[in-house]
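A.B. asks: Kindly return the folded structure for what I paste below:
(2 chains)
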2 protein chains.
Amino acid sequence: MRGVLLHTPGDVRVEDREVPTIVEPTDAVLKVAAACVCGSDLWPYRGLEDVDGPAPMGHEYVGVVEQVGEDVQNVQVGDFVVGSFFASDNTCEICRSGYQTHCVNRQPGAATGAQSEYVRVPLADGTLVATPGQPDPELIPSLLAASDVLGTGWFAAVAAEAGPGRTVAVVGDGAVGLLGVLAARHLGAERVIAMSRHADRQALAREFGATDIVEERGDEGVARIKELTGGLGAHSVIEAVGTQESMMQAIRATRPGGHVGYVGVAHDVSLPGQELFFSGVHLHGGPAPVRRFLPELIRLIWDREIDPGKVFDLTLPLEQAAEAYRAMDERRAIKVLLTTD
Amino acid sequence: MRGVLLHTPGDVRVEDREVPTIVEPTDAVLKVAAACVCGSDLWPYRGLEDVDGPAPMGHEYVGVVEQVGEDVQNVQVGDFVVGSFFASDNTCEICRSGYQTHCVNRQPGAATGAQSEYVRVPLADGTLVATPGQPDPELIPSLLAASDVLGTGWFAAVAAEAGPGRTVAVVGDGAVGLLGVLAARHLGAERVIAMSRHADRQALAREFGATDIVEERGDEGVARIKELTGGLGAHSVIEAVGTQESMMQAIRATRPGGHVGYVGVAHDVSLPGQELFFSGVHLHGGPAPVRRFLPELIRLIWDREIDPGKVFDLTLPLEQAAEAYRAMDERRAIKVLLTTD
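C.D. replies: Purely as a prediction, here's the structure:
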């Protein structure tokens, strides 16, 4: 089969690889219907995270179950399924409390890399959720989005306690931030302020339900949010970047007693204790327990209530994965979908 | 009148001072029935915070209303009242959301220092809560505790979401930590683990409802909490110290998805973003909005349901304030009550 390997920063290649097989009796192997490139894939691509290359890439996937291990009971060969970036048993106490990304048995969800024709998924019973039937092709981008960026934006909105009567600000206009806008609005937020200075992303933010756009960043961005909220700050702020600047922007844009939901993977971030203390905000986030939300997200997509697949503004065949990484790195694309046939 | 001034670190003096008078029409002046020394008073006393001496000290107080400004309506001359360390209007949007310590009009609650015979309290209508009548003398220590340490421990327990079915660990065995134990138990926590290595504080923690004592600190303390919680960590952790070590101990002792309620005033604390991200905990705290809880706490004390006054293990006349500071600094006393007559 063909699959993506990152050799060194910037060096993405599509190569012949072994088709994965069942290793543990709890595994499944999927024929990947679509995969994509994540903002977090850009960290090693840019050399900002170590690469132990050649490394198989990709952790977002939808596909059809091709094989299952003998202990697998919840999904069957032929099911169309959605998974996520961590595999979880969905039975331990942590999973049952809704934090499947911290499952006591967690492991990478796409064990052999999802930017590939086939992928092995461990703990298939806990990790995979089958759709009600074979999806119409136009649903596939949205189902793929549920696998990570939608689930992550959703978690951020829930962590930020977005809901009726609340004003939500969103720091970050990548796919996760944009889907945080969609989630916040779906959860009932009265006002959703997208922080973005790119016309195409602003337009998509508005399509997903943003009521206001703020172009300023850092302290100026914070000042604008305060202006828009009677001087108090937003009730809820979604942080979807992961830098020092974005975290401080999120904390400072939140009113005392308000909630920051942060899902940008923190890189070189250090939070000043005294400022955080006197801010009086709630802080919650981390790797999103996408699995918690998958059944509901699949239902909303299946019923055409939400269309998160719009974040994919470029579709390329798997063979052109290198161009997919370049387009995202250069911000020519918000998010690139890779087709496998 | 007599009142406490901190001249330089370690130099506490009781001196003659002017009796405060009404400055703003929203002020009240109280005859102080009892005041006390706070753990946070020790920071400038120890030279770990700047002292702009001679500085009036004390921000915890109960007393009888002696004078009110012309705009004051909710308390009357002769009322016995409890206040707290920040004055708040209790009408702004932030106050109404329960975060009175972040009131848009907040100012020091004991404007002229509470370790004194009289004190001026701004925004009296929003800040002071009257007791149902003149209290029996034995209730005064508990009502005084409500003014800060009980309200702060209570907020920490609420921020940590202590409640039925949850295991709560408490980092810090000062008055706030001990009253966090009391609060957690009152809020229904199933198990409350006090982290303390002092026999007298362990005994009081047990009296307040601690079910377990852990003497280890730092990483060893975290390991013990994990041992006691099936390897997962506590659902809720109260942080009542404010150092780097105590914050990290609290975060690391909390299970993914659990809640840290932190009320130790952060000194030289810097939280590593990546570790916090992958911990998956909720973090909330800051200066406690004691005012939110005062009506309920006064009721519980009045009805003899809780006896938080037990944290005062030394009572001295105001004239011996210097000894009160020494006793707390040297940890000979948990908390010292100062009487004014």
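A.B. asks: Report the rounded mean pLDDT for stretch A:172-179.
C.D. replies: Average pLDDT, stretch A:172-179: 97.
A.B. asks: Surely A:Gly261 is in contact with A:His284?
C.D. replies: Yes. Using CB atoms under 8 Å, A:Gly261 is in contact with A:His284, at 6.1 Å. Placement of C-beta: from N, CA and C, glycine included.
A.B. asks: okay, the two: which has more neighbours?
C.D. replies: It is A:Gly261, of A:Gly261 and A:His284, that has more neighbours when counted by other CB atoms under 10 Å in any protein chain shown, with 32 against 22.
A.B. asks: What helix or strand is that one located in?
C.D. replies: Assigned by DSSP states H and E, A:Gly261 belongs to strand A:254-262.
A.B. asks: burial of A:Gly231, as a residue count?
C.D. replies: Residues near A:Gly231, counting by other CB under 10 Å: 10.
A.B. asks: So what's the predicted local confidence for the spatially most central residue of chain A?
C.D. replies: Residue closest to the mean C-alpha point of chain A, counted by CA atoms, centre = their mean, is A:Val149 at 2.3 Å. Note on A:Val149: pLDDT of 97.
A.B. asks: who touches the closest residue to A:Pro295 other than its chain neighbours in this structure?
C.D. replies: Closest residue in space to A:Pro295, ignoring its immediate chain neighbours: A:Val129 at 5.9 Å, by CB to CB, 6 or more residues apart in numbering or on different chains. Residues in contact with A:Val129 (CB atoms under 8 Å, 6 or more residues apart in numbering or on different chains) are A:Val81, A:Val82, A:Gly83, A:Arg291, A:Leu294, A:Pro295, A:Ile298.
A.B. asks: from the residues you listed, which ones fall inside strands?
C.D. replies: Within the contacts of A:Val129, residues falling in strands by DSSP state E are A:Val81, A:Val82.
A.B. asks: Out of the contacts of A:Val129, flag the one nearest to chain B.
C.D. replies: Nearest to chain B among the contacts of A:Val129 is A:Arg291, at 12.9 Å by CB to the nearest CB.
A.B. asks: tell me the contacts of the closest one?
C.D. replies: A:Ser84, A:Phe86, A:Ser88, A:Asn90, A:Cys95, A:Gln100, A:Thr101, A:Gly126, A:Thr127, A:Val129, A:Gly151.
A.B. asks: Swap in 7 Å and give it another go.
C.D. replies: By CB atoms under 7 Å, 6 or more residues apart in numbering or on different chains, the contact set of A:Arg291 is A:Ser84, A:Ser88, A:Asn90, A:Gln100, A:Thr127.
A.B. asks: Run a quick neighbour tally on the fourth one.
C.D. replies: When neighbours are defined as other CB under 10 Å, A:Gln100 has 30 of them.
A.B. asks: wait, it sits on A:Ala288?
C.D. replies: No. Using CB atoms under 7 Å, A:Gln100 makes no contact with A:Ala288, being 9.5 Å away.
A.B. asks: Which pLDDT value goes with A:Val72?
C.D. replies: We have a pLDDT of 98 for A:Val72.
A.B. asks: Also A:Val12?
C.D. replies: According to the prediction, A:Val12 has pLDDT 97.
A.B. asks: partner residues bridging it?
C.D. replies: A:Leu6 (DSSP bridges).
A.B. asks: ok, back up a step: within its sheet, name the partner strands of the strand holding A:Gly261 and how each one runs.
C.D. replies: Strand pairing for strand A:254-262, determined by DSSP bridges: strand A:234-239 (parallel), strand A:282-285 (parallel).
A.B. asks: Most tightly packed of these?
C.D. replies: strand A:234-239 (a mean of 31; mean count of other CB atoms under 10 Å in any protein chain shown).
A.B. asks: Mind listing residues that contact that strand?
C.D. replies: Contacts for strand A:234-239 (CB under 7 Å, 6+ apart): A:156-157, A:160-162, A:166-172, A:177, A:180, A:184, A:193, A:225, A:246-247, A:250, A:253-255, A:258-264.
A.B. asks: Cross these against strands and list the overlap.
C.D. replies: Short answer: those in strands (DSSP E) are A:167-171, A:193, A:254-255, A:258-262.
A.B. asks: neighbour-wise, which of these leads?
C.D. replies: A:Val170 (36 neighbours).
A.B. asks: list the contacts for A:His186?
C.D. replies: If you count contacts by CB under 7 Å, 6+ apart, then A:His186 has A:Ile306 around it.
A.B. asks: Kindly report the same for A:Asn74.
C.D. replies: Contact analysis of A:Asn74 by CB under 7 Å, 6+ apart lists A:Asp125.
A.B. asks: Count residues in the vicinity of the residue of the stretch 1-150 of chain A found nearest chain B, would you?
C.D. replies: Residue of the stretch 1-150 of chain A nearest chain B, by CB to the nearest CB: A:His102 (3.3 Å). Using other CB under 10 Å, the number of residues around A:His102 comes to 24.
A.B. asks: do the one 10 residues further on as well
C.D. replies: Around A:Thr112 sit 21 other residues, with neighbours defined as other CB under 10 Å.
A.B. asks: Do a quick rundown of the helices in the stretch 201-341 of chain A.
C.D. replies: For the stretch 201-341 of chain A, helices defined by DSSP state H, counting those that start in this stretch occupy the ranges A:218-228, A:244-252, A:273-279, A:290-302, A:321-329.
A.B. asks: Mean pLDDT and distance to B:Glu216 added to those, as CSV?
C.D. replies: Rendered in CSV, the data for the helices of the stretch 201-341 of chain A read as follows (pLDDT from 0 to 100; distance: least, CB to CB, whole Å):
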stretch, mean pLDDT, distance to B:Glu216
helix A:218-228, 97, 41
helix A:244-252, 97, 32
helix A:273-279, 97, 23
helix A:290-302, 98, 34
helix A:321-329, 97, 47
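A.B. asks: For A:Met57, find the nearest of these.
C.D. replies: Across the helices of the stretch 201-341 of chain A, A:Met57 has its closest neighbour in helix A:321-329 (7.9 Å, CB to CB).
A.B. asks: got the buried residues for the closest one?
C.D. replies: Across helix A:321-329, burial judged by 16 or more other CB atoms under 10 Å in any protein chain shown covers A:Ala321, A:Ala322, A:Glu323, A:Ala324, A:Tyr325, A:Arg326, A:Ala327, A:Met328.
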